[in-house]
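**Q** Would you be able to build a 3D model of this:
(2 chains)
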2 protein chains.
Amino acid sequence: MSPRDRNERPGRAGATRRQFLLGGAVAGVGAAAAIAIDAGLNAADNTAVRTSVSEPLNGDVTVPFYGAHQAGIDTAAQAHGLFLAFDLLPTTDRDALRRMMRILTDDAARMTQGKSALADSEPELAVTPSRLTVTFGFGPGLVERAGGARPGWLAPLPAFSIDRLQKEYSDGDLLIQIAADDPLTVAHTSRMMLKDTRSFATLRWSQQGFRRAHGSVKPGTTMRNLFGQVDGTSNPEPGTADFDTVVWNTTDGWAADGTGIVVRRIAMDLDKWDRLDRPGRDQSVGRYQSNGAPLTGTDEFDEPDFTAKTPIGFPVIPEFSHLRRSRSENTAERIFRRAFNYDDTPTPGQISNAGLIFVSFQADIEKQFTPIQRRLDELDLLNEWTAPIGSAVFAAPPGCAEGGYIGETLLT
Amino acid sequence: MSPRDRNERPGRAGATRRQFLLGGAVAGVGAAAAIAIDAGLNAADNTAVRTSVSEPLNGDVTVPFYGAHQAGIDTAAQAHGLFLAFDLLPTTDRDALRRMMRILTDDAARMTQGKSALADSEPELAVTPSRLTVTFGFGPGLVERAGGARPGWLAPLPAFSIDRLQKEYSDGDLLIQIAADDPLTVAHTSRMMLKDTRSFATLRWSQQGFRRAHGSVKPGTTMRNLFGQVDGTSNPEPGTADFDTVVWNTTDGWAADGTGIVVRRIAMDLDKWDRLDRPGRDQSVGRYQSNGAPLTGTDEFDEPDFTAKTPIGFPVIPEFSHLRRSRSENTAERIFRRAFNYDDTPTPGQISNAGLIFVSFQADIEKQFTPIQRRLDELDLLNEWTAPIGSAVFAAPPGCAEGGYIGETLLT
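**A** Predicted coordinates for the structure are as follows:
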């Protein structure tokens, strides 16, 4: 199965057409049908698919688990994302890691397909996958424990001057990203993962995020963050050669066909942001808050013109804007973003405790992500209103075939 | 506008038929169309409705704000519920309360209709109402501050032996229940409410809960809690005379046409629950976990037969089961439940920090809720796995007409 299949792209044009006629939710049918064809189901199984066509529910839609790459990376972002990071117990050696990843792979393979995991005491909660994906990332500590070769880029990021990192949102040996369009599905999957890791690891941190619900806005709408900004416009498109180049690692042995994961918790000062007027907001980003168009354009996807000047000779897109500072001349310095908003309970005295769980995927974190972050650290007007309070890096191993397990390239 | 209209019941049969043909998401269109007719929109506005019919998005669906009763009570429960409780500042007198409720009413009236509140600095986040409702409740302290007559039932519940109440989840002067099918809508609405209360009150506690996402399961499916139980089967049906009798207060002056609100945070010990086998689980509740049917029936909605005996003479539905203990011979002792699950980040050493935000509405808390809770306190096998850790009561004032404000019966 190619990543194109998993991302349900071949059927996309057709699905879009149907969505236009019948409404967004029918996207699920397109996907379900595509998956049925993809998996080569027999006639009996096709009956089930037909049932789902007559009564399509997004809760029934599944994303294939097995494949060259892990799901949850090139999968259209779900409404809810939960990030669990674990510290390995001192007793978890290479053999234990292999046992753990076999168990977790089996759980994920089942649950993503709407089947309960082994020993699931609430199998009734597992029957609504809602595009569930479970994605594993290995931190430097896990690779070391496994006795594997650590890719050069799999190391804590350099310290940035803007960082206000808190240990409770940073680092970790194992990452499990659980994402689905249904919050109960995420909760139940998380429960199974927490139960099945406990002989091997302890929870280090947990971050819960969200985007628009399925069916709230048209599929493919770029998300907005809690500053109100359109966030993620300039992103490689899954299923394209460009995406493959940016995301999939091709050089690092066991990590090839996987990717580098950066998870950074960015606190956003909504109170301070409130005091900034609309032109100030637009200038700080280099895009209009109204529709995400660059200040030199009218449409979200217009290419920004960094050479355009105002009548008095200043760049229309300010030099210090987030858009200008994050854009590199070096085309190797690109990443794929897949972020989630967070909005936790304010602590006493706060009006908000909100921000962004910044998540990016890139073949080589050091070459692709770090230079961008370094430029933003030096100068980015948005830094006035944001602060990174957590940071972690992981290597997502490649996907696996049925009978295999995630991490087998490192652990076998 | 009657509560029946607001609950979108007249169009329900039609919508259900369409859902069967076209999928759950189209429920939104039925609702949107019903609302348009309800509001008596003119031809120009009907064009907008037609647009929404050709491309129905749940994000566009609105629940009317104005009416005899507040919305968010008889409204089919949304996917996300956020409960904010506030303490009034010492300076917030009766005049200030009136100003506060005028502002909050205006915010809620706009935002629930997909319009931004005044001075909303992110109006782009307000255009996706997703069935947003904002419901206000007044605690004993607010009523006292207003110099109003406190209904006898508007007082902290008696202490129950099972209670393990924490101050940070209990009591409060003002409750704002924000519920929508979209988590970003809830976050943005919450932000406006927190900003517009800050001159009058401070946040006391905040609880975030969820049910199945819109489109995950068929509309009308009873929710499941994190124990895997079908939760809320025996509930009055909004739009029926029975519901009206149970929920709407008719006797308490300013609170008439409103209702009493109980919010209790019930911690659920998932680890301990895990050690209970399936027959034990079924017996503790008196219903099958598989489909929620009473142990004397086969279907969720079968009437339980408390007289049925096992071959050796024990009741089929145990005397100590939650179902048996919560059912009263006295038909006045009934409540309407509208709960949400919660699943917060585990604290160190925990595998889960999960439970239920139990929410019930009843005309008179003391007559209807308290006797049930007293029986459950005396004996309910489920108490082995659950503990109330928060408790608060509020009076929801009635709804208001355009130009009025929520609380006017108390504050004018």
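
**Q** tell me the domain ranges of chain A?
**A** A:3-54, A:59-411 (automatic domain parsing).

**Q** How about the backbone phi and psi for the residue located most distally from the centre of chain A?
**A** Relative to the centre of chain A, the most outlying C-alpha is that of residue A:312, 41.6 Å out, by CA atoms, centre = their mean. Dihedral angles of residue A:312 (phi, psi; degrees, to the nearest 10) stand at phi -100, psi 20.

**Q** Including distance to residue B:207, could the domains of chain A go into CSV?
**A** Backbone N, C-alpha and C define where each C-beta goes, glycine included. Rendered in CSV, the data for the domains of chain A read as follows (distance: least, CB to CB, whole Å):
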stretch, distance to residue B:207
domain A:3-54, 29
domain A:59-411, 8
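
**Q** Among those, show the one with the smallest mean pLDDT.
**A** Averaged per stretch, pLDDT over the domains of chain A is lowest on domain A:3-54, reaching a mean of 33.

**Q** can you pull out the strands in the stretch 301-412 of chain A?
**A** If you assign secondary structure with DSSP state E, counting those that start in this stretch, the strands in the stretch 301-412 of chain A sit at A:336-337, A:340-344, A:353-362, A:386-396.

**Q** Format those strands as JSON lines; extra columns: mean neighbour count and distance to residue A:320.
**A** Listed next are the strands of the stretch 301-412 of chain A as JSON lines, based on neighbours: other CB atoms under 10 Å in any protein chain shown; distance: least, CB to CB, whole Å:
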{"stretch": "strand A:336-337", "mean neighbour count": "20", "distance to residue A:320": "21"}
{"stretch": "strand A:340-344", "mean neighbour count": "22", "distance to residue A:320": "25"}
{"stretch": "strand A:353-362", "mean neighbour count": "23", "distance to residue A:320": "20"}
{"stretch": "strand A:386-396", "mean neighbour count": "23", "distance to residue A:320": "14"}
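
**Q** quick one, which of those strands is nearest to chain B?
**A** strand A:340-344 (4.1 Å; CB to the nearest CB).

**Q** Pipe the strands of the stretch 301-412 of chain A into JSON lines and attach distance to chain B per row.
**A** Conversion of the strands of the stretch 301-412 of chain A to JSON lines gives the following (distance: least, CB to the nearest CB, whole Å):
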{"stretch": "strand A:336-337", "distance to chain B": "17"}
{"stretch": "strand A:340-344", "distance to chain B": "4"}
{"stretch": "strand A:353-362", "distance to chain B": "7"}
{"stretch": "strand A:386-396", "distance to chain B": "13"}
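
**Q** Which one of the ones you listed lies nearest to residue B:338?
**A** When the strands of the stretch 301-412 of chain A are compared for distance to residue B:338 using CB to CB, the nearest one is strand A:340-344, at 22.0 Å.

**Q** tell me the angle of that closest one relative to strand B:340-344?
**A** Here strand A:340-344 runs at an angle of 100 degrees relative to strand B:340-344 (axes from the mean of the first three to the mean of the last three CA atoms, to 10 degrees).

**Q** Need the CA coordinates for strand A:340-344. CSV is fine.
**A** Written as CSV, here are the backbone C-alpha positions of strand A:340-344 (Å, rounded to 0.1, in the frame of the first residue of the first chain):
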residue,chain,number,x,y,z
PHE,A,340,-3.5,21.2,17.5
ASN,A,341,-4.9,24.0,19.7
TYR,A,342,-5.0,23.6,23.4
ASP,A,343,-7.1,25.4,25.9
ASP,A,344,-6.6,24.1,29.4
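
**Q** Based on its surroundings, how many neighbours for the residue nearest to residue A:123 when sequence neighbours are not counted?
**A** Excluding the flanking residues, the one nearest residue A:123 by CB to CB, 6 or more residues apart in numbering or on different chains is residue A:116, at 3.4 Å. Under the neighbour criterion other CB atoms under 10 Å in any protein chain shown, residue A:116 is assigned a count of 18.

**Q** Surely residue A:116 is in contact with residue A:110?
**A** Yes - with the criterion set as CB atoms under 8 Å, residue A:116 and residue A:110 qualify as a contacting pair; they are 6.6 Å apart.

**Q** Overlap of the contact sets of these two?
**A** Counting by CB atoms under 8 Å, 6 or more residues apart in numbering or on different chains, the residues touching both residue A:116 and residue A:110 are residue A:126.

**Q** for the residue nearest to residue A:123, phi and psi?
**A** Recorded main-chain torsions at residue A:116 are phi -80, psi 150, according to degrees, to the nearest 10.

**Q** so who does it touch?
**A** When contacts are counted by CB under 8 Å, 6+ apart, residue A:116 touches A:110, A:122-123, A:126-127.

**Q** Which ones among those residues map onto helices?
**A** Of the positions in the contacts of residue A:116, residue A:110 sit in helices, assigned by DSSP state H.

**Q** Let me see the ranges of the helices in chain A.
**A** For chain A, helices defined by DSSP H occupy the ranges A:3-6, A:12-22, A:27-38, A:43-54, A:94-111, A:140-145, A:183-197, A:241-247, A:270-274, A:278-285, A:322-326, A:370-378, A:408-411.

**Q** before we move on, the earlier item: select only the buried ones of the contacts of residue A:116 in ChimeraX?
**A** The ChimeraX command for the buried members of the contacts of residue A:116 (criterion: 16 or more other CB atoms under 10 Å in any protein chain shown) is given here:
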select /A:110,122,123,126
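
**Q** which one among the contacts of residue A:116 gets closest to chain B?
**A** Within the set of the contacts of residue A:116, residue A:122 lies nearest chain B; the separation is 3.1 Å, counting by CB to the nearest CB.

**Q** isn't the closest one right up against residue A:188?
**A** Yes - taking contacts as CB under 8 Å, residue A:122 lies within contact range of residue A:188: 6.4 Å.

**Q** Quick check: residues of the stretch 151-300 of chain A near chain B?
**A** The stretch 151-300 of chain A comes close to chain B at residues A:181-185, A:187-188, A:190-191, A:194-195, A:198, A:203, A:206, A:208, A:210-218, A:224, A:226-228, A:270, A:273-274, A:289-290, as judged by CB under 8 Å from any CB of the partner chain.
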